[in-house]
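Trainee: Task: produce atomic coordinates for the following.
(chains A and B)
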Amino acid sequence: MNPPRRIKHRKLAVSLLLVTLLMFGFGFALVPMYNAFCRLTGLNGRGVDAVAATYAGDVDRSRTVLVQFVATTGSGLPFDFRPEVGSLRVHPGELYAASYYAANRSDARVRAQAVVSYAPGRAARYVHKTECFCFTQENFAPGEVRQLPVKFYLDPALPRDVNVVTVAYTYYNVTPDGATAARGD
Amino acid sequence: MSTVAVAHEFHAEQPRGIWRWITTTNHKDIGTLYLCFSLLMFFVGGAFAMLIRAELWTPGMQLMDPEFFNEMTAFHGLVMIFGAIMPAFVGLANWMIPMMIGAPDMALPRMNNWSFWILPFAFILLLSTLFMPGGAAGAGWTMYPPLFLQTGMALPFQIFAIHLMGISSVMGGINIIATVLNLRAPGMSLMKMPMFVWAWLITAYLLIAVMPVLAGAVTMMLMDKYFGTSFFNAAGGGDPVLYQHVFWFFGHPEVYIMILPAFGIISEIIPTFARKPLFGYTSMVFAIASIAFLSFIVWAHHMFTVGMPLAADLFFMFTTMLIAVPTGVKVFNWTATMWRGALTFETPMLFAIAFVFLFTIGGFSGVMMALVPADWQYHQTYFIVAHFHYVLVTGAAFAIMGAVYYWLPKWTGHMYNETLAKWHFWLSAISANVLYFPMHFLGLAGMPRRIPDYPLQFTDLNQVVSVGAFVFGAAQLLFVACIILCVRGGKKAEARAWEGARGLEWTLPSPAPYHSFGEPPAPNLIWTHPYQDG
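Mentor: Below is the predicted model of the structure:
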């Protein structure tokens, strides 16, 4: 093989290798891109988890929206977990309180984290929570039973065609490894 | 052929026995290694499929526990995709591309040796996880979290195996691009290249673009499991659906990596046995290029049911349906190539015609699933299993079998046993349809994939499918018999083994000498190429 050809091969191979590395990076770049997309569309309740501390808006009494509460227990969490009220009829702009029931069925300490999501996705940015057990991780003593409060209001700007909003909580076991034998997996 | 003799003397010192195969940098040796490896993996993956079909013979659990069944569906997919189909295409590329473009060897022969020899280790690593405590990953070939992350100690081994396969594929891709772009014989412009070379050039670009994305996705899972990150862990603010997006950004180009080289093969075989130039060469090139481009913007059609916004559903539905256009161009061009040709039906041609028919059936069910509302019914049922087996078995695998029969005379210097090969073809073609066609009905009736049990009313169709599977599996033993008999002897093959064959590889004697095209072929030979008539 003559030298100029070898140089030609090397140049091409190196540039193709660069493309490969670039695409490896692109795989990771998809993560922030996906999060930005979700924030933009309100999918997965992204970007709306901040505490809405104050609200001084008007209450729209002409409109009633059904808010449904759903609970899912993540795998490996030895809990009874359910909403205490299945649904509420609410007026946009008014502050409401709801609560969830959580009971640690195991005889070990468990740390749990709730993640909330909304359906339809585009309603997500109009649900404002002033208090939520999903903001923090909660520690449960063995056998502990607790009432977990949620305070929220719907933004009056909620699109007119949305008459039902589902608020779904999934509770996950985030007990650090080794701290307990209660992990179910 | 004096240059050939000189080249032989020059390499007289080359090692013999097993060491020859380990140290070889010769493209024909490496091509042979790839093809033998993929044949072995075809039978390993096939054995897994036989276990799956045996378990599904009757409702209820008979032979294995459900965890092992899940491992079988996962490993059948992984082994067939990364172990059988992809290495077979790379092997064909290694053997044929230098001879088709008049090059002495691949551009980066040492890397070529590496990219093959990584593979056996990758698959030993992958298959060893089946024997590990806690079991292998039974989360499908798509390895979705959170299920995949619940795998025990087998998880990092499987992820490293995937990394190794990716490295091997990327090195193979870089080598093929370097060979095609830098080593074409004088006079062979890009638009005079055989279709197989064109298809592989584009496939190689797809490989280096998406294999690293898969590597990234499985690396993220490794980090989620062992380094406390939460890419896909909802409890930590991540999202398992993100994995599906990253995976299918790799996964959809990947399915074209497994079919574009097949398009190239069919475009070589059909003109030979129709004794006519390929119809619409230029449109064939552009069709492959546009399919490759579209493959990057359709990925979410694999996940219509995760709950995307309507606009996204529509975007992916329309881009997916658009793929039917360039694919249709190819199917019509193959048909037009056969139109009024002087057709003969040797085994490679039979496989090629079966490919055109059966791949098109797979294409049609693909268009059905592109429709968002309809896909909600087909998703995760046996309908999708039927679809991708039509495009991958009667599509990709039939093309590979056709290619093997087509070029065996060139590789071995002997003609294969036509009677035996025809038996292989007819048994395969009939049993594949007995095997895969009823799956459409099972899927429409609601039988989910990857489940070891099913309700009573699906029994009859499942037994038909299983009978088809066992016959198809047994028929492949004839394939091995044909290859072994052809290597050991048979009618002497001429340089131009097929009357209608054109292209530079047929200007070399059969079997092709160990070193070919030490001197580039005369430019006038390139003009005997079949594609320049129109």
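Trainee: and the residue of chain A found nearest chain B, how many residues sit next to it?
Mentor: Residue nearest to chain B within chain A (C-beta to the nearest C-beta): residue A:27, separated by 2.6 Å. Backbone N, C-alpha and C define where each C-beta goes, glycine included. Per other C-beta atoms under 10 Å in any protein chain shown, the neighbour tally for residue A:27 reads 22.
Trainee: looking at this, it is in a helix?
Mentor: Yes: under DSSP: H, G, I helix; E, B strand; the rest coil, residue A:27 falls within a helix.
Trainee: Next, work out how far apart it and residue A:68 are.
Mentor: Look at residue A:27 and residue A:68: by C-beta to C-beta, to the nearest Å, they are 37 Å apart.
Trainee: picking that back up, looking at it, the residue of chain A closest to chain B is touching residue B:243, isn't it?
Mentor: No: at 10.9 Å, residue A:27 does not count as touching residue B:243 under the criterion of C-beta atoms under 8 Å.
Trainee: Now do the domain split for chain A, please.
Mentor: A:3-41, A:49-173 (automatic domain parsing).
Trainee: With mean pLDDT and distance to residue B:382 added, can I get those in JSON lines?
Mentor: Output for those, formatted as JSON lines (pLDDT from 0 to 100; distance: least, C-beta to C-beta, whole Å):
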{"stretch": "domain A:3-41", "mean pLDDT": "89", "distance to residue B:382": "31"}
{"stretch": "domain A:49-173", "mean pLDDT": "86", "distance to residue B:382": "27"}
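Trainee: okay if I get those domains as JSON lines plus distance to residue B:135?
Mentor: Shown next, in JSON lines, are the domains of chain A (distance: least, C-beta to C-beta, whole Å):
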{"stretch": "domain A:3-41", "distance to residue B:135": "28"}
{"stretch": "domain A:49-173", "distance to residue B:135": "17"}
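Trainee: Now do the helices in chain A.
Mentor: Using DSSP state H, the helices of chain A run over A:3-41.
Trainee: my guess is residue B:145 meets residue B:220, correct?
Mentor: No: taking contacts as C-beta under 8 Å, residue B:145 lies outside contact range of residue B:220: 9.1 Å.
Trainee: what touches both of these two?
Mentor: Residues touching both residue B:145 and residue B:220 by C-beta atoms under 8 Å, 6 or more residues apart in numbering or on different chains: B:232, B:243.
Trainee: Excluding sequence neighbours, find me the nearest residue to whatever residue of chain B ends up closest to chain A.
Mentor: For chain B and chain A, the shortest gap (C-beta to the nearest C-beta) falls at residue B:216, measuring 2.6 Å. Residue nearest to residue B:216 in three dimensions, not counting chain neighbours: residue A:27, with 2.6 Å by C-beta to C-beta, 6 or more residues apart in numbering or on different chains.
Trainee: what does residue B:46 give?
Mentor: Spatially, and ignoring its direct neighbours in sequence, residue B:46 is nearest to residue B:473 (5.4 Å; C-beta to C-beta, 6+ apart).
Trainee: Secondary structure class of that neighbour, three-state.
Mentor: Secondary structure, three-state DSSP: residue B:473 is helix.
Trainee: Could you list which residues are in contact with it?
Mentor: Taking C-beta under 8 Å, 6+ apart, we find residue B:473 in contact with B:46, B:49-50.
Trainee: these two touch, right, residue B:245 and residue A:30?
Mentor: Yes: with contacts counted by C-beta under 8 Å, residue B:245 reaches residue A:30, the gap being 6.6 Å.
Trainee: what's around the residue of chain B closest to chain A, how many residues?
Mentor: Residue B:216: 23 neighbours (other C-beta under 10 Å).
Trainee: between the contacts of residue B:473, which has the most around it?
Mentor: For the contacts of residue B:473, neighbours were counted using other C-beta under 10 Å, and residue B:49 has the most, 23 neighbours in all.
Trainee: what helix or strand does that residue sit in?
Mentor: Using DSSP states H and E, residue B:49 falls within helix B:27-55.
Trainee: ok so, going back, overlap in contacts of residue A:27 and residue B:243?
Mentor: Common neighbours of residue A:27 and residue B:243, using C-beta under 8 Å, 6+ apart, are B:217, B:220.
Trainee: Quick one: name the residues of chain A near chain B.
Mentor: A:5, A:8-9, A:12-13, A:16-17, A:19-21, A:23-28, A:30-31, A:34, A:38, A:41, A:43-44, A:74-75, A:113, A:115, A:119, A:121-122, A:170, A:172-174, A:185 (C-beta under 8 Å from any C-beta of the partner chain).
Trainee: Of those residues, keep whichever come out buried.
Mentor: The neighbour count (16 or more other C-beta atoms under 10 Å in any protein chain shown) marks A:8-9, A:12-13, A:16, A:19-20, A:23-24, A:26-28, A:30-31, A:34, A:38, A:41, A:43-44, A:74, A:113, A:115, A:119, A:121-122, A:170, A:172-174 as buried among these.
Trainee: follow-up on the earlier one: residue A:88: which of the contacts of residue B:473 is nearest?
Mentor: Closest to residue A:88 out of these is residue B:49 (52.5 Å), distances taken as C-beta to C-beta.
Trainee: Which positions within the longest helix that chain B contains qualify as buried?
Mentor: Ranked by residue count under DSSP H, the longest helix found in chain B is helix B:195-226. Along helix B:195-226, these residues count as buried under the neighbour rule (16+ other C-beta under 10 Å): B:195-222, B:224-225.
Trainee: The helix or strand that it is followed by relative to helix B:195-226, how many degrees between them?
Mentor: Sequence-wise, the next helix or strand downstream of helix B:195-226 (DSSP H and E) is helix B:240-257. What separates the directions of helix B:240-257 and helix B:195-226 is an angle of 160 degrees, with axes from the mean of the first three to the mean of the last three C-alpha atoms, to 10 degrees.
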